[in-house]
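>>> Quick one, structure for this:
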Amino acid sequence: MKKSPAPRPTEAELAILRVLWERGVSTVRQVHDVLAPERESGYTTTLKFMQLMTEKGMLVRQEDGRTHFYRAAYPEEATQRRLIVDLLERAFGGSSAKLVIQALTAKPASAEEMREIRKLLASQKEKNRE
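Residues are numbered from 1 along each chain as shown. Next comes the predicted model:
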């Protein structure tokens with residue numbers, strides 16, 4: 001049975017996911033404490049978001065007595081890929097070249113990022129020869 005693609009998270013959901021990807025398994029309190037300096041929302045708002053994200057299949061909840069622990073249901077890369085595919089289709093008519101050109105025009109890549117891009121392009125070129 002094929003696993004469904006990672007859901008497309010909202011900006012608030014992405015903030016929670018970033019915390020979980022960075023920290024790993026965490027409680028609502030731990031996630032809220034990381035987000036609190038950036039956002040003016042209360043603990044119960046973070047709790048509600050995480051409960052809804054669990055229902056949507058974005059998070060997995062584990063219970064240990066009265067404590068609930070959460071983790072991201074999908075790896076960061078799978079979610080990023082889902083967002084890129086959606087953006088690629090909606091904004092760039094499916095053209096990877098247009099997306100990359102706009103991305104590099106908007107924010108130039110660092111030397112390290114350019115090395116990674118060249119490596120990926122060389123790999124793609126090799127695959128196209130086969």
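>>> Phi, psi for residue 59 please.
Main-chain dihedrals, residue 59, degrees, to the nearest 10: phi -120, psi 160.
>>> swap in the one 10 residues further on?
Residue 69 has phi and psi values of phi -110, psi 140 when expressed as degrees, to the nearest 10.
>>> May I see the buried residues of the strand or helix carrying residue 128?
Using DSSP states H and E, the element containing residue 128 is helix 111-129. Buried residues in helix 111-129, counting neighbours by 16 or more other C-beta atoms under 10 Å, are absent. The way it works is simple: take the backbone N, C-alpha and C, and place the C-beta from them, glycine included.
>>> Give me the distance between it and the centre of its chain.
Its chain's C-alpha centre and that of helix 111-129 lie 23 Å apart, by C-alpha atoms, centre = their mean, to the nearest Å.
>>> With stretch 62-72 instead?
Between the centre of stretch 62-72 and the centre of its chain there are 21 Å (C-alpha atoms, centre = their mean).
>>> What's the end-to-end length of it?
Start and end residues of stretch 62-72 are separated by 11 Å (C-alpha to C-alpha, to the nearest Å).
>>> Only the buried residues of it, if you could.
Quick answer for stretch 62-72 (16+ other C-beta under 10 Å): 70, 72.
>>> ok, back up a step: I'd like to know which elements the helix holding residue 128 is packed against.
Applying 3 or more C-beta pairs under 8 Å, 6 or more residues apart in numbering; DSSP states H and E, one finds that helix 111-129 makes contact with no other helix or strand.
>>> Can you name the residues in contact with that helix?
With C-beta atoms under 8 Å, 6 or more residues apart in numbering as the test, helix 111-129 has contacts from residue 109.
>>> I'd like the mean pLDDT over that helix, please.
Per-residue pLDDT over helix 111-129 has a mean of 91.
>>> What of stretch 56-76?
The average pLDDT for stretch 56-76 rounds to 95.
>>> Give me the domain ranges for this protein.
1-92, 95-130 (automatic domain parsing).
>>> returning to that earlier point: keeping just the C-alphas, turn the helix holding residue 128 into CSV.
Provided in CSV are the C-alpha atoms of helix 111-129 (Å, rounded to 0.1, in the frame of the first residue of the first chain):
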residue,chain,number,x,y,z
ALA,A,111,29.5,29.1,-2.5
GLU,A,112,28.7,25.9,-0.7
GLU,A,113,25.1,25.9,-2.1
MET,A,114,26.6,26.4,-5.6
ARG,A,115,28.8,23.4,-5.1
GLU,A,116,25.8,21.3,-4.2
ILE,A,117,23.8,22.6,-7.2
ARG,A,118,26.7,21.8,-9.6
LYS,A,119,26.9,18.3,-8.1
LEU,A,120,23.2,17.8,-8.5
LEU,A,121,23.3,19.1,-12.1
ALA,A,122,26.2,16.8,-13.0
SER,A,123,24.2,13.8,-11.5
GLN,A,124,21.1,14.8,-13.5
LYS,A,125,23.2,15.1,-16.7
GLU,A,126,24.7,11.6,-16.1
LYS,A,127,21.2,10.2,-15.6
ASN,A,128,20.0,11.8,-18.9
ARG,A,129,22.8,10.0,-20.8
